[in-house]
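S.K.: After the sequence you'll find the predicted model.
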Amino acid sequence: ADYSFRGRTIQVVKDLSLDEQAYLYEKARILKESLKKGERAEDFRIGNPDLGVYLMFMEDSTRTKESFRNAAKFHGLKLNDFDAKNSSFQKKESITDTVKMLMGYNAESIFIIRSKQEGVCRWLEKAMGSYAEKAGMPRAGFINAGDGRHEHPTQEFLDEFSFLEYHAWDRSHIHIALVGDLFHGRTVHSKTEGLKIFREVEVDLIAPTELAMPEHYLNQMIQNGYKVRVFASLQEYLAQAHQAPVWYFTRLQIERMGEKLLKQGEQLRAAVTFQRDYLTRIDPATRFFHPLPRHAETPTIPTFLDDTPFNAWDEQSRNGYFTRIIEIGMLGGLFGKDFTGKGLDMGSVDEPFIEEAPIRSKDKPEYKIGIRPVDEGIVIDHIGTGSETRQIWDHITKIRNVLDLHQVSSQGVFQNVRQNHYKGIISIPG
Ligand code: CP
């Protein structure tokens with residue numbers, strides 16, 4: 001009876017146990033039905049103007065930001081749109097100091113954050129948890145609205161909600177095809193965990209090698225007991241009979257892969273873009289999903305499909321509103337008292353995306369120019385290995401800017417004589 005989601009953080013899908021995810025979907029289902037009937041759904045509204053919701057979007061967003069904004073308004077909360085682009089963030093103020101300050105303006109707070117910094121909500125959960133304890137304030141809740149290439153858990157929850165809705169809430173089995181840029185797409189990475197809501201999972205991964213699902217996620221899917229098949233293109237997929245009824249497309253992000261792949265762009269796109277003549281080769285009951293936005297000029301789901309029964313992505317997009325109302329309601333303390341399932345096993349959450357590696361050799365190479373070995377600090381090695389020197393310098397600059405590495409430190413491009421190629425190193429002592 002005392003169960004509460006108050007002050008919890010949703011950094012990754014696993015931050016909610018499977019039972020908690022099922023609870024979210026069930027609440028969202030009831031809410032959606034109620035709102036569709038034109039009811040006010042008063043029981044679903046927090047109505048606490050002292051609970052502050054901060055939208056902190058350091059990267060562009062339409063759907064996530066607007067659905068959270070409208071969800072917070074639905075609840076009647078104190079909504080703050082933090083102007084991250086024009087704030088002191090640009091003057092290198094730390095996010096920790098900013099969040100600490102903002103917490104002081106509300107009796108209780110929920111932060112919804114989109115950032116390039118992977119794991120930022122987990123960091124804030126830890127840093128602000130101890131701060132709140134010392135200051136005698138309630139813990140703030142943090143929701144990851146997309147962190148770099150890592151995860152987008154609330155998109156995953158709305159996706160799974162949409163798949164469940166398609167399956168008439170039957171969790172026994174799903175057969176899904178993931179199509180597009182499986183390398184960069186955080187929404188397909190999140191499927192590794194999110195699809196666990198179904199007891200039996202068959203996943204068909206459709207992408208050319210250059211855009212294939214990273215091995216880490218592929219192995220995790222297999223470890224989760226999913227039946228996984230891999231196809232290099234839609235043509236290859238359509239040449240066999242066991243096709244999934246649910247197809248989940250993603251946008252290609254080849255602009256993130258440098259010159260080499262940009263040149264191959266057309267070929268990569270063709271491998272995962274639906275063509276008109278495929279219509280005769282798929283079951284008409286197939287439904288297409290997409291996290292949106294689609295690419296404006298070269299969408300993997302072409303616009304001629306918009307007004308066909310294949311279109312399940314519009315409803316999926318609308319579902320973001322219902323699921324996000326429930327997520328705010330959970331972290332804001334409205335929902336939870338009637339939760340009876342298995343809660344979160346705190347030990348299961350930490351993600352192994354940073355791995356400790358054994359030190360193989362104490363010898364550090366001395367380079368003739370630029371870099372000295374460091375005993376303590378950060379070294380980023382093998383930058384752009386095998387590329388032209390100009391590209392490696394370009395890459396070093398990007399890393400510096402993206403990670404905001406502007407300390408006193410050194411860097412360089414070096415030749416590996418034995419392997420006859422170049423690589424970059426950034427070295428930050430201390
Ligand atoms: N699907 C999604 O995250 O869309 P936005 O980038 O518009 O938020």
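M.R.: Looks like it came in fine.
S.K.: Tell me which stretches of the stretch 1-150 of the chain form helices.
M.R.: Counting by DSSP state H, counting those that start in this stretch, one finds helices in the stretch 1-150 of the chain at the ranges 18-36, 63-75, 95-103, 120-135.
S.K.: Of these, which is nearest the ligand?
M.R.: With Cβ to the nearest ligand atom, the closest approach to the ligand among the helices of the stretch 1-150 of the chain belongs to helix 63-75: 3.2 Å. In this view, the C-beta of every residue, glycine as well, is placed from N, C-alpha and C.
S.K.: Any residue of the closest one touching the ligand?
M.R.: Yes: Helix 63-75 lies within reach of the ligand by Cβ under 6 Å from any ligand atom, at Arg63, Thr64, Lys65.
S.K.: how close does Pro429 get to Ala357?
M.R.: Pro429 sits 20 Å away from Ala357, taking Cβ to Cβ, to the nearest Å as the criterion.
S.K.: ok, residues contacting stretch 70-84?
M.R.: Stretch 70-84 has contacts (Cβ atoms under 8 Å, 6 or more residues apart in numbering) with 44-58, 69, 102, 105-106, 321, 324-325, 327-329, 332, 334.
S.K.: Which of those residues fall within strands?
M.R.: Leu51, Gly52, Val53, Tyr54, Leu55, Met56, Phe57 (DSSP state E).
S.K.: In the sheet, which residues pair with the last one? Tell me.
M.R.: So the one you mean is Phe57. Going by DSSP bridges, Phe57 is paired in beta bridges with Arg114.
S.K.: do the same with the first one
M.R.: For Leu51, the beta-bridge assignment (DSSP bridges) gives partners Glu108.
S.K.: show me where the stretch 101-250 of the chain has strands.
M.R.: 108-115, 141-147, 173-179, 200-206, 227-231, 246-249 (DSSP state E, counting those that start in this stretch).
S.K.: Out of these, which is closest to the ligand?
M.R.: strand 141-147 (5.8 Å).
S.K.: so where's the stretch 301-430 of the chain shaky on pLDDT?
M.R.: 346-356, 367-368 (pLDDT under 70).
S.K.: Out of the helices of the stretch 1-150 of the chain, which is closest to Leu211?
M.R.: helix 63-75 (22.6 Å; Cβ to Cβ).
S.K.: Relative to the whole chain's centre, how far out is that closest one?
M.R.: 18 Å (Cα atoms, centre = their mean, to the nearest Å).
S.K.: can you give me the angle it makes with strand 141-147?
M.R.: Relative orientation of helix 63-75 versus strand 141-147 (axes from the mean of the first three to the mean of the last three Cα atoms, to 10 degrees): 150 degrees.
S.K.: Keeping just the C-alphas, turn stretch 27-41 into PDB.
M.R.: C-alpha atoms of stretch 27-41 as PDB (Å, rounded to 0.1, in the frame of the first residue of the first chain):
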ATOM      1  CA  LYS A  27      -2.900   3.000 -16.600                       C
ATOM      2  CA  ALA A  28      -2.200   4.500 -20.000                       C
ATOM      3  CA  ARG A  29      -4.700   2.200 -21.600                       C
ATOM      4  CA  ILE A  30      -7.500   3.200 -19.100                       C
ATOM      5  CA  LEU A  31      -6.600   6.800 -19.500                       C
ATOM      6  CA  LYS A  32      -6.700   6.700 -23.300                       C
ATOM      7  CA  GLU A  33     -10.100   5.000 -23.200                       C
ATOM      8  CA  SER A  34     -11.500   7.500 -20.800                       C
ATOM      9  CA  LEU A  35     -10.200  10.500 -22.800                       C
ATOM     10  CA  LYS A  36     -11.500   9.000 -26.000                       C
ATOM     11  CA  LYS A  37     -14.900   8.900 -24.500                       C
ATOM     12  CA  GLY A  38     -14.600  12.600 -23.800                       C
ATOM     13  CA  GLU A  39     -14.300  12.100 -20.000                       C
ATOM     14  CA  ARG A  40     -12.300  14.500 -17.800                       C
ATOM     15  CA  ALA A  41     -10.300  11.700 -16.200                       C
END
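S.K.: Report the mean confidence score over that stretch.
M.R.: Averaging pLDDT along stretch 27-41 yields 98.
S.K.: which residues sit against it?
M.R.: Phe44, Phe161, Leu164, Glu165, Trp169, Asn319, Phe322, Thr323, Ile325, Ile326, Gly329, Phe335.
S.K.: 6 Å instead, please
M.R.: By Cβ atoms under 6 Å, 6 or more residues apart in numbering, the residues outside stretch 27-41 that reach it are Phe44, Phe161, Phe322, Thr323, Ile326, Phe335.
S.K.: near the ligand, which residues of the stretch 201-350 of the chain show up?
M.R.: Pro291, Leu292, Pro293.
S.K.: redo that, cut-off 8 Å
M.R.: Pro291, Leu292, Pro293, Ser317, Gly320 (Cβ under 8 Å from any ligand atom).
S.K.: Could you write me a PyMOL select line covering just the buried ones among the ones in strands among the contacts of stretch 70-84?
M.R.: A single PyMOL command selects the buried members of the ones in strands among the contacts of stretch 70-84 (16 or more other Cβ atoms under 10 Å):
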select buried, resi 51+52+53+54+55+56+57
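S.K.: need the ones in strands among the contacts of stretch 70-84 in JSON lines with distance to the ligand, can you?
M.R.: JSON lines is the format used below for these (distance: Cβ to the nearest ligand atom, whole Å):
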{"residue": "Leu51", "distance to the ligand": "23"}
{"residue": "Gly52", "distance to the ligand": "21"}
{"residue": "Val53", "distance to the ligand": "16"}
{"residue": "Tyr54", "distance to the ligand": "16"}
{"residue": "Leu55", "distance to the ligand": "11"}
{"residue": "Met56", "distance to the ligand": "13"}
{"residue": "Phe57", "distance to the ligand": "8"}
